[in-house]
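# kindly generate the corresponding structure for this input.
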Amino acid sequence: METVLYERRGPIALLTLNRPDKLNAVNAQMVAELGRALDDAEADERVRVVVLCGAGRAFSAGFDLDMGEGSGIEFLRGELRKDFDVIMRFWDFPKPTIAAVHTFCLGSGMEMAVACDITVAAEGCRFGAPEVKFGSGIVAMILPWVIGLKQAKELLLTGDDRVTPERALAIGLVNRVVPEDRCLDEALAIARSIAANDLIAVRLTKQAINRGAEIMGMRQGLLQGLELGVIAEDSETPESREFNEILEKDGAKAALAWQEARLARDTAAET
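Purely as a prediction, here's the structure:
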């Protein structure tokens, strides 16, 4: 595997997102390799806990904006379902999962961290889901189930991608905030603490917690959210068409700057 590194440290499987030149943006290859890595960790009886981290300057900037060749709603549905499934694999994984995040934990990278059972954040990290700025939907709408409706609506509707780890801790998005040079060590220490406990009791406790959310309708809610995300990706307005043209030609910063300038012009015209 190239985009995901797999290392076993005693009872811990350490999975490292490995596209550092792209801030570990998740592409189709990484989705497939994450699935393989998790298959290996699940099959290995020596592994009791999985820790997920990112190589280089950031944990993950989210899914790669380039979806590759293909078009139409069925293509989008198929691609987004693959993304959805790899995020939810961390939630459904029979063994505990821990995310160690630093610098940037954005978009669907944040969804993976939220889907993990425990999240350790480095000081200075920034969280957020900027999808609405790009005319995209949320792949796995798991955030409201973890931090509550009010907090999730604010983060998702504003597209805020500058949420501090201190606020993330206050709203229940992460479990701990530590200095960056201690982030992975802290996650590994928690993993070792879990691995020392009774194997069956740990797995059944995770199942009991997750099934409570499932009984309340979480799975059906997430699948409905995925379908609405497909519609969002397939929808186009004159505004989104121009935004995407600038995005493809000049990059995300230029497209977002155009978006802000358009809003300023419209506001000035009304006054």
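# give the buried residues for the helix or strand hosting L228.
Using DSSP states H and E, L228 falls within helix 218-234. Buried residues in helix 218-234, defined by neighbour count with 16 or more other CB atoms under 10 Å: M218, L222, G225, L226, G229, V230, A232, E233. Any C-beta I mention is one placed from the backbone N, CA and C, and that applies to glycine too.
# mind listing what the fourth one touches?
If you count contacts by CB atoms under 8 Å, 6 or more residues apart in numbering, L226 has them with L80, R81, F84, V139, A140, M141.
# so what's the residue count around the residue lying closest to W91 once chain neighbours are set aside?
Nearest residue to W91 in three dimensions, chain neighbours excluded: A115, at 4.3 Å (CB to CB, 6 or more residues apart in numbering). A115 is flanked by 24 other residues according to other CB atoms under 10 Å.
# strands of the stretch 1-150 of the chain, start to end?
Secondary structure of the stretch 1-150 of the chain (DSSP state E, counting those that start in this stretch): strands at 4-9, 12-17, 49-54, 97-101, 104-106, 118-122, 126-128.
# can you list those in a markdown table and add mean pLDDT, mean neighbour count and distance to G148?
Formatted as a markdown table, the strands of the stretch 1-150 of the chain follow (pLDDT from 0 to 100; neighbours: other CB atoms under 10 Å; distance: least, CB to CB, whole Å):
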| stretch | mean pLDDT | mean neighbour count | distance to G148 |
| --- | --- | --- | --- |
| strand 4-9 | 98 | 15 | 32 |
| strand 12-17 | 98 | 23 | 28 |
| strand 49-54 | 98 | 25 | 24 |
| strand 97-101 | 98 | 29 | 20 |
| strand 104-106 | 97 | 28 | 19 |
| strand 118-122 | 98 | 26 | 16 |
| strand 126-128 | 97 | 23 | 15 |
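# of all those, which one is nearest Q207?
The closest of those to Q207 is strand 97-101. By CB to CB, the value is 13.3 Å.
# spit out the contact partners of A121.
V101, H102, C105, F127, P165, A168, L169, V174, R176, V177, V178, C183.
# what does G10 give?
R46, R192, A195.
# again, but for A100
The neighbourhood of A100, defined by CB under 8 Å, 6+ apart, consists of V51, L52, C53, F59, V120, A122, C183, L184, E186, A187, L188.
# got those as a markdown table, with distance to A41 columns?
Below are the contacts of A100 laid out as a markdown table (distance: CB to CB, whole Å):
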| residue | distance to A41 |
| --- | --- |
| V51 | 10 |
| L52 | 10 |
| C53 | 14 |
| F59 | 19 |
| V120 | 18 |
| A122 | 23 |
| C183 | 20 |
| L184 | 17 |
| E186 | 20 |
| A187 | 15 |
| L188 | 15 |
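# picking that back up, flag the least confident of the buried residues of helix 218-234.
Note: of the buried residues of helix 218-234, the lowest pLDDT belongs to E233, at 83.
# was I right to think that one contacts V139?
No: contact criterion CB atoms under 8 Å: E233 and V139 do not qualify, at 9.7 Å.
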